[in-house]
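Undergrad: Sequence plus the predicted model coming up.
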Amino acid sequence: GQQVMQIPQYQHVQEGEDFTTYCNSSTTLSNIQWYKQRPGGHPVFLIQLVKSGEVKKQKRLTFQFGEAKKNSSLHITATQTTDVGTYFCAGQDTGNQFYFGTGTSLTVIP
Amino acid sequence: DGGITQSPKYLFRKEGQNVTLSCEQNLNHDAMYWYRQDPGQGLRLIYYSQIVNDFQKGDIAEGYSVSREKKESFPLTVTSAQKNPTAFYLCASSITSSYNSPLHFGNGTRLTVT
């Protein structure tokens, strides 16, 4: 069946360091979405990527969708304590179901 | 403000009892979803509904049941047949079930069964 793998599971960084999380799908995706879940909270939609090779930026966050539409990454430049949380990717296939990655829990050490 | 309301935030039940989790949305979204979240396992789909009076099983539907009698409401019943019901349950909605419709999540219900 469809699987979306996400690495790493945990990441601890010093404030100001960069952070990257990666998602890989076993099959080609229609699109990929990224969500952030603060500790004790619920996932909140960040962005959606649709086109092959697409790159989108939101301030210090850069999102990429691979050429084959099977992988994606989220890169945070110069992390801040407000970046703490778990970042999930969610891929959609042609059947429109969402397939969530296992998430990367980010800890930022002040 | 539009949004999704899940209640209660915390729920405690004895083993063998059925329990119903509430999910209401006023976003006028067609599609609604129930996910289960366990530590280190991400979000797993229990049931989803694309339209009123219609719903489909997700990856882990066994031991759960849902109804979608109104567009705004998608309650989830955790039955006594669910082997390991203690978890964090998240309800979500999207404008449609087609792609390019991001999910909007409720605050979740943390269910503990002892």
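TA: Nice, thanks for sending it over. Numbering: from 1, shown residues only, chains lettered A, B, ... in the order given.
Undergrad: Can you list the buried residues in stretch B:7-23?
TA: B:Leu11, B:Arg13, B:Val19, B:Leu21, B:Cys23 (16 or more other C-beta atoms under 10 Å in any protein chain shown). Heads up, the C-betas are built off the backbone N, CA and C, glycines and all.
Undergrad: Okay, the last one and B:Tyr48: tell me how far apart.
TA: Applying C-beta to C-beta, to the nearest Å, one obtains 12 Å for the distance of B:Cys23 from B:Tyr48.
Undergrad: Common neighbours of these two, please.
TA: B:Met32, B:Trp34 (C-beta atoms under 8 Å, 6 or more residues apart in numbering or on different chains).
Undergrad: Quick check: bridge partners of the residue nearest the centre of chain B?
TA: By C-alpha atoms, centre = their mean, chain B has its centre lying nearest to B:Trp34, at 2.8 Å. Under the criterion DSSP bridges, B:Trp34 forms beta bridges with B:Tyr47, B:Cys91.
Undergrad: Hmm, it is touching B:Pro75, no?
TA: No - the pair B:Trp34 and B:Pro75 fails to qualify as a contact (C-beta atoms under 8 Å) at a distance of 9.3 Å.
Undergrad: any residues in contact with both of these two?
TA: With C-beta under 8 Å, 6+ apart as the test, B:Trp34 and B:Pro75 both reach B:Cys23, B:Val66.
Undergrad: ok so, going back, could I get the buried residues of stretch B:7-23 as a markdown table with secondary structure, pLDDT and distance to chain A?
TA: Putting these into a markdown table (DSSP: H, G, I helix; E, B strand; the rest coil; pLDDT from 0 to 100; distance: C-beta to the nearest C-beta, whole Å) gives the following:
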| residue | secondary structure | pLDDT | distance to chain A |
| --- | --- | --- | --- |
| B:Leu11 | strand | 94 | 16 |
| B:Arg13 | strand | 91 | 21 |
| B:Val19 | strand | 94 | 20 |
| B:Leu21 | strand | 96 | 14 |
| B:Cys23 | strand | 97 | 12 |
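Undergrad: Pick the one among those residues closest to B:Asn53.
TA: Within the buried residues of stretch B:7-23, proximity to B:Asn53 (C-beta to C-beta) peaks at B:Cys23, which comes in at 16.3 Å.
Undergrad: Nothing else from me, thank you.
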